[in-house]
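Participant: With the input below, show me the fold.
(one chain, ligands or ions: 1)
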Amino acid sequence: MKKALITGITGQDGSYLTEHLLDLGYEVHGLVRRVALEQPEHRLSRLRSVLSRIHIHAANLDSYASIFHVLSKHEFDECYHLAAQSFVAESFVDGFSTMQTNINGTHYVLAALREVQPKCRFYFAGSSEMFGKAQAVPQKEDTPFHPRSPYGISKVAGFQLTINYREAYGMFCCNGILFNHESPRRGYEFVTRKITHGVARIKTGLASELALGNLEAKRDWGHARDYVQAMHLMLQQPTPDDYVIATGETHSVREFCEFAFAQVGLDYRDFVKRDEVVYRPAEVDLLIGDASKAHRMLGWKPGVGFKGLISEMIQSDLEMVSPAARGELVSPGT
Ligand code: G4F
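Facilitator: Below is the predicted model:
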């Protein structure tokens, strides 16, 4: 039985990856901050259905010693490094801790692996934010990076560290360059969930408006459940490499709103208000990925499209805010 370690196991991607690996027969271990163990109801909620089948260890990405301690006690075949400060807007507020967690945390995991189990295969959660002010459309593996936020810069550093450990020490290290991926498990601070949860609250009378920032930004949005499968496939290849994971379709935040509100028979223009506060000092205007290398080499393809993703998120949020609101969707998406 293969053993995998997931940092960031409590998040959206960590929870879907855990389920995927358990389905494949893996023994799954996860690193969580000690505070998560003190508040399991809240902090481990995405793992509720699998908690009895996985192994949780307390460790902190700010502490090399705590990571080393776990890695020296258990041997792993694969390590998925997903933990990060992943909210781009927050990285403008506190760039220092974003850098600390995302760069040093990645370096600590790589250095500890090299020290105690250099044969363990390593996956780094790179991001399309690294393309930032995109130098080509669509973006693929050889598109130059031009990050536009402390978060994007921290991910470029993690990406380069991963390549450096591969080249310098011969370790099996892969970068996934994942474009935006969402689901009903997405945090409420990200725009997709903010919209679908907002739509559900408005539809059920719990709110009357939704305040958003830049509606013209365009993103390539896929389903997180599809994207974790690509992470796993990268670590099953004969040689380590880097892959763009994306749907190849782009939509504006405005289009997301339009479709999401229409799903419950509403017009977004009647409810969406402008909020200056959530505009960013530097924006990433257009992201659209070319995942043809992943199609070719990994046999990976996204399963859920833009409309299907939004439908699933709206349905889930309707059920969450009001169980009586089941079946409110105007028409299922594709
Ligand atoms: O949902 P977002 O906060 O995601 P963003 O910044 O694209 O980052 C996400 O995807 C990356 C992959 O490319 C990940 F690496 C990263 O960790 C994260 O998962 O914002 C999307 C867009 C932005 O252009 C933002 O300005 O939506 C715009 N937006 C407009 N109004 C808003 C809002 N974003 C948020 N969070 N909240 C708003 O009210």
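
Participant: Near the ligand, which residues of the stretch 1-150 of the chain are found?
Facilitator: Proximity of the stretch 1-150 of the chain to the ligand is confined to 86, 88, 89, 127, 128, 129 under the rule CB under 6 Å from any ligand atom. Every C-beta, even on glycine, is put in place using the N, C-alpha and C of the backbone.

Participant: switch to 8 Å and redo it
Facilitator: Applying CB under 8 Å from any ligand atom, we find that the stretch 1-150 of the chain lies next to the ligand at 84, 86, 87, 88, 89, 125, 127, 128, 129, 149.

Participant: Residue 232: which of those is nearest?
Facilitator: Checking those against residue 232 with CB to CB, the nearest one is residue 125 at 12.9 Å.

Participant: who's in contact with that closest one?
Facilitator: Residue 125 makes contact with 8, 13, 80, 81, 82, 84, 176, 178, 231, according to CB atoms under 8 Å, 6 or more residues apart in numbering.

Participant: what helix or strand is the last one on?
Facilitator: So that's residue 231. Using DSSP states H and E, residue 231 falls within helix 224-234.

Participant: what about burial for the residues of the stretch 1-150 of the chain next to the ligand, which qualify?
Facilitator: Buried members of those, scored by 16 or more other CB atoms under 10 Å, are 84, 86, 88, 89, 125, 127, 128, 129, 149.

Participant: Could you list the low-confidence segments of the stretch 201-334 of the chain?
Facilitator: 323-334 (pLDDT under 70).

Participant: Among the buried ones among the residues of the stretch 1-150 of the chain next to the ligand, which lie within strands?
Facilitator: In this view, those that belong to strands under DSSP state E are 125, 127.

Participant: now for the buried ones among the residues of the stretch 1-150 of the chain next to the ligand, which pair is the farthest apart?
Facilitator: 89 and 125 (18.2 Å).

Participant: ok, and what's touching the helix or strand hosting residue 156?
Facilitator: Following DSSP H and E, one finds residue 156 within helix 150-169. For helix 150-169, contacts defined as CB under 8 Å, 6+ apart pick out 84-88, 90-92, 95, 98-99, 101-103, 106-107, 110, 114, 118, 122, 124, 126-127, 129-130, 132, 145, 147, 171-175, 177, 240, 242, 284.

Participant: quick revisit: check which element follows the helix holding residue 231 along the chain.
Facilitator: Downstream of helix 224-234 (by DSSP H and E), the next one is strand 242-245.

Participant: packing partners for that next one?
Facilitator: Applying 3 or more CB pairs under 8 Å, 6 or more residues apart in numbering; DSSP states H and E, one finds that strand 242-245 contacts strand 173-178, helix 224-234.

Participant: Kindly compare burial across those and name the winner.
Facilitator: Mean neighbour count, computed with mean count of other CB atoms under 10 Å, is highest for strand 173-178 among the helices and strands packed on strand 242-245, reaching a mean of 26.

Participant: any idea where the strands of the stretch 1-150 of the chain begin and end?
Facilitator: 3-7, 27-32, 55-58, 78-81, 121-127 (DSSP state E, counting those that start in this stretch).

Participant: low-scoring stretches of the stretch 1-150 of the chain, by residue?
Facilitator: Ranges of the stretch 1-150 of the chain meeting pLDDT under 70: none found.

Participant: Helices of the protein, residue ranges please.
Facilitator: Assigned by DSSP state H, the helices in the chain fall at 12-23, 34-38, 40-43, 64-73, 88-93, 95-99, 105-116, 150-169, 191-203, 224-234, 253-262, 292-293, 306-321.

Participant: what sits up against the first one?
Facilitator: Just to be clear, that refers to helix 12-23. By CB under 8 Å, 6+ apart, the residues outside helix 12-23 that reach it are 4, 6-9, 28, 30, 46-47, 49-50, 53-54, 80, 82, 125, 181-183, 185-187, 224-225, 227-229, 231-232.

Participant: What subset of those is buried?
Facilitator: Buried members of these, counted by 16+ other CB under 10 Å: 4, 6-9, 28, 30, 46-47, 50, 54, 80, 82, 125, 181-183, 185-186, 224-225, 227-229, 231-232.

Participant: ok now do residue 92, which residues does it touch?
Facilitator: Contacts of residue 92 (CB under 8 Å, 6+ apart): 149, 150, 280, 281.

Participant: who touches stretch 104-113?
Facilitator: 7, 61-64, 67-68, 71-72, 79, 81, 83-84, 120, 122, 124, 157-158, 161-162, 165, 171, 173.
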